[in-house]
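Trainee: how would this look folded up:
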Amino acid sequence: MNISNFQKYIKDTILGRGYDYYVGGQVDEEYVRKGDTYIFRVEGREAYEVSVELDDSGEITHAECDCPYDLGPICKHKAAVFFQLAEIINNGDVKWDAKQSPTELPGIKEVLNKLPKEELIRIIMEIVPKNKTLEESLILRYSDGNNEQELKQVTKLIRRIVNKYAGRGGFIAYGEISDYVDEMVGILEKARNTVDSLLALEIIILVLHEAMEAFQYVDDSNGEISGLVSDCIEVMEDLVLGEKFSDSSLKKKLFDRLLKDSDDNAYEGWEEFTIDILRLCAEVADTEALRVLLRTRIMAYLNNTDADDFHTYYSESLLHILHRLIVVYGTDAEALQFEEENSAHASFRELLIERAKKENNFEKVIVLALDGEKQDDQHAGRMLKWKEIRYDAYKKLSLKAEQARLAKELLFDGHFEYYQELKDLNTGDETKFYNELKAKLKKDSRWQAKNMYVNLIEHENDTDEVMMYVRENPLYIVRYADFLKDKYANEVVALYNNHIKSAAHSSSKRSAYQDVCSLIRRYKNIAGKDIAAELVNELLILYKKKRAFVDELSKLNF
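Mentor: Sure thing, here's the model as predicted:
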């Protein structure tokens, strides 16, 4: 994919959203260039960093964005940066010798740009009688009516779009989902360009509710409806944040509408979107009266939340909204108290740990981390996080004995990166240290320790121990044959030979026969061509009735 033709390789939906970001000025014009890599900042729901690497011919050799999008190789932020980068290059800021491309027909935009207004009107008037959705979309986007009329028009257009794609069956075909989403995004653009913020919010809510309902009649395995919902939340966030410095009366109206919408049945079963809307309420709750309303609503949700892990996650998110209110409108002492009261939640404990680190109070860091370990002893990922924090605190305090004990514990739990830490902390004989550690890992029956034992003997190039391991686990001969062949040549060849024969015996279809032949090719590099050829002949005789196997063996040509 080249920066001159990237549009051909990106899905239209993503390309369109990227183009909107580009023309909307959401790609920061100030960029960083490091060699062939260009780094841009893209303002969306959050600020994301996009890096693009080009070769001398403009080929995009690598592109990366730190947004959470994982439904495809290209997100809208990358697409927006590609447009920006192409503009920079076309303006001559970056030059290269490009091959002349073949002559192409002009695009529709280029053709229409040359036409007079009267001709454009005539073309549109010919088209719209055949496409009522297009007609209503154009009227909605470019006409000026009162708010009630505008909302009726939006509602009517949404219904027409749904009927157009869902039809009598009430279910949108998989191949038409992108077109459906594109038309709904077009309505969102009306909201984005509407000066009246309250009207814009109403339009966003209409689209958002329809998107929520669409989960019921659309196969969203490709994530396009989820993307539409995210777009709605993003446009809503842009709207709300854009009014943070407006007069209080407008912010109160926005707050009231958002708070009311957060309790709508449309979000039943989708708590994350309710939380998104409540989070936006906090951004415009600039009076104590509004904050009381928001706290009351959040506490009602918290009191009705079940105690399982799924709902605990949402409770934690709701608590962070309350924390945000304290941080912005309260005192640091109040924020600290809130964090301490909610330290049972990992994210709040992390806030307390960060406070303690800034104060160089690593004794408190250790206490907090240990509390986290006690609470999260059934969650391996969280346990590791708390232990790593505690280890770093021991390191800061030069508590080497505690550091060594924890490094050993982490190693035995399957984290080999702590071996070097443990090794550096050893003050005794290195050989004795290694042999004792090896023996303990070998004796430990847990799979994590077994893996660390293998990593250890491999890391230390302990050929004798690796050979002992392979004797007990012959399947590993393939992995370690090259490592062992110089010292244990005959035994390696014998073990490899037996492994291939065992694999051949258990094979019963062509793909398995091909795997056996692949093993033989690698075996030839260990045993030599003549010995490998002998094995092939032996297998040809032994399995002469298995035509597919004979066919694959004959391809080896030894």
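Trainee: Count the neighbours of the closest residue to Leu475 other than its chain neighbours for me.
Mentor: Nearest residue to Leu475 in three dimensions, chain neighbours excluded: His499, at 6.9 Å (Cβ to Cβ, 6 or more residues apart in numbering). In this view, the C-beta of every residue, glycine as well, is placed from N, C-alpha and C. A count of neighbours around His499, defined by other Cβ atoms under 10 Å, yields 18.
Trainee: what about His499, distance to His77?
Mentor: Applying Cβ to Cβ, to the nearest Å, the value for His499 to His77 is 49 Å.
Trainee: Walking through the stretch 51-200 of the chain, point out its helices one by one.
Mentor: Per DSSP state H, counting those that start in this stretch, the stretch 51-200 of the chain carries helices over the ranges 76-90, 108-113, 117-127, 132-142, 147-166, 177-192, 197-214.
Trainee: What of the stretch 451-558 of the chain?
Mentor: With DSSP H, counting those that start in this stretch as the criterion, the stretch 451-558 of the chain has helices spanning 463-472, 477-484, 489-505, 510-527, 529-542, 547-554.
Trainee: Could you export those helices to JSON lines, including columns for distance to Ser226?
Mentor: Rendered in JSON lines, the data for the helices of the stretch 451-558 of the chain read as follows (distance: least, Cβ to Cβ, whole Å):
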{"stretch": "helix 463-472", "distance to Ser226": "47"}
{"stretch": "helix 477-484", "distance to Ser226": "41"}
{"stretch": "helix 489-505", "distance to Ser226": "44"}
{"stretch": "helix 510-527", "distance to Ser226": "37"}
{"stretch": "helix 529-542", "distance to Ser226": "53"}
{"stretch": "helix 547-554", "distance to Ser226": "45"}
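Trainee: mind checking which of these is nearest Glu288?
Mentor: Glu288 lies closest, by Cβ to Cβ, to one member of those: helix 477-484, at 66.7 Å.
Trainee: buried stuff in the closest one?
Mentor: The neighbour-count check on helix 477-484 (16 or more other Cβ atoms under 10 Å) flags 477-478, 480-481, 483-484 as buried.
Trainee: How about stretch 74-91?
Mentor: 74-86, 88-89.
Trainee: and which of those is nearest to Ala200?
Mentor: Looking across the buried residues of stretch 74-91 and measuring by Cβ to Cβ, the closest to Ala200 is Lys76, at 20.6 Å.
Trainee: what about the residue nearest to the closest one when sequence neighbours are not counted, neighbour count?
Mentor: Leaving out its chain neighbours, the residue that sits closest to Lys76 by Cβ to Cβ, 6+ apart is Arg17, at 3.9 Å. For Arg17, the count of nearby residues is 23 (other Cβ under 10 Å).
Trainee: Any figure for the gap between Arg17 and Leu540?
Mentor: 59 Å.
Trainee: Could you do Lys555 as well?
Mentor: 12 Å.
Trainee: Tell me which of these two has more neighbours.
Mentor: Ranked by neighbour count (other Cβ under 10 Å), Lys555 and Leu540 place Leu540 first, with 15 against 8.
Trainee: So which of the helices of the stretch 451-558 of the chain is nearest Val50?
Mentor: helix 477-484 (39.1 Å).
Trainee: pLDDT averaged over that closest one, what's the number?
Mentor: The pLDDT scores in helix 477-484 average 96.
Trainee: Using PDB, write down the CA coordinates of it.
Mentor: The C-alpha trace of helix 477-484 is given here as PDB (Å, rounded to 0.1, in the frame of the first residue of the first chain):
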ATOM      1  CA  ILE A 477      14.400 -33.800  20.300                       C
ATOM      2  CA  VAL A 478      13.300 -31.600  17.300                       C
ATOM      3  CA  ARG A 479      13.600 -28.400  19.400                       C
ATOM      4  CA  TYR A 480      17.100 -29.200  20.800                       C
ATOM      5  CA  ALA A 481      18.700 -31.400  18.100                       C
ATOM      6  CA  ASP A 482      20.900 -28.500  16.800                       C
ATOM      7  CA  PHE A 483      21.900 -27.500  20.400                       C
ATOM      8  CA  LEU A 484      22.900 -31.100  21.300                       C
END
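Trainee: Show me the contact partners of it.
Mentor: Contact with helix 477-484 is made by 458, 463, 466-467, 470, 491-492, 495-496, 499, 519, 522, 526, as judged by Cβ atoms under 8 Å, 6 or more residues apart in numbering.
Trainee: How far off centre is that helix?
Mentor: 37 Å (Cα atoms, centre = their mean, to the nearest Å).
Trainee: That helix versus helix 463-472: what angle between them?
Mentor: Counting by axes from the mean of the first three to the mean of the last three Cα atoms, to 10 degrees, helix 477-484 lies at 160 degrees to helix 463-472.
Trainee: residues contacting the spatially most central residue of the chain?
Mentor: Geometric centre of the chain, nearest residue: Pro68, 3.7 Å, by Cα atoms, centre = their mean. Applying Cβ under 8 Å, 6+ apart to Pro68 gives no contacts.
Trainee: Roughly how far does it sit from Ser226?
Mentor: With Cβ to Cβ as the criterion, Pro68 and Ser226 are 12 Å apart.
Trainee: which one of the helices of the stretch 51-200 of the chain lies closest to Ile233?
Mentor: helix 197-214 (7.4 Å).
Trainee: And that closest one, what's buried?
Mentor: 197, 199-212, 214.
Trainee: ok, back up a step: okay, and the residue nearest to Lys76 sits in which element?
Mentor: helix 12-23 (DSSP states H and E).
Trainee: and the following helix or strand past that helix, which strands flank it?
Mentor: Counting by DSSP H and E, the next helix or strand C-terminal to helix 12-23 is strand 32-34. Its sheet considered, strand 32-34 pairs with strand 37-43 (antiparallel) by DSSP bridges.
Trainee: Show the low-confidence segments of the stretch 51-200 of the chain, by residue range.
Mentor: Applying pLDDT under 70 to the stretch 51-200 of the chain flags residues 70-71, 91-109, 111, 119, 124, 126, 128-146, 167-168.
Trainee: same question, the chain
Mentor: For the chain, the stretches flagged by pLDDT under 70 are 45, 70-71, 91-109, 111, 119, 124, 126, 128-146, 167-168, 305-312.
Trainee: Could you list the domains of it?
Mentor: Taking automatic domain parsing as the domain assignment, the ranges for the chain are 6-98, 128-333, 474-554.
Trainee: Tell me the backbone dihedrals of Lys114, please.
Mentor: Note on Lys114: its backbone torsions stand at phi -90, psi -10 [degrees, to the nearest 10].
Trainee: mind listing the helices for the stretch 251-400 of the chain?
Mentor: Using DSSP H, counting those that start in this stretch, helices in the stretch 251-400 of the chain cover 271-283, 288-303, 309-329, 332-341, 346-358, 362-375, 380-396, 400-412.
Trainee: Next, the contact list for Lys11, please.
Mentor: By Cβ under 8 Å, 6+ apart, the contact list for Lys11 reads 72, 74, 178.
Trainee: go with 10 Å
Mentor: By Cβ atoms under 10 Å, 6 or more residues apart in numbering, Lys11 lies in contact with 17, 71-74, 79, 178, 222, 224.
Trainee: Specify which member of those residues is nearest to Ser317.
Mentor: Distances from Ser317 to the contacts of Lys11, taken by Cβ to Cβ, are shortest for Leu71, at 22.4 Å.
Trainee: tell me the contacts of Glu29?
Mentor: 40-41, 84, 87-88.
Trainee: Pull up the gap between the closest residue to Gln514 other than its chain neighbours and Leu539, please.
Mentor: Nearest non-adjacent residue to Gln514, counting by Cβ to Cβ, 6+ apart: Glu552, 5.7 Å away. To Leu539, Glu552 is 10 Å away according to Cβ to Cβ.
Trainee: Ok, Phe362 next?
Mentor: 64 Å.
Trainee: Looking at the two, which has the bigger crowd around it?
Mentor: Neighbour count, other Cβ under 10 Å: between Phe362 and Leu539, Leu539 has more, with 23 against 20.
Trainee: how far away is the more buried one from His505?
Mentor: From Leu539 to His505 the distance is 10 Å (Cβ to Cβ).
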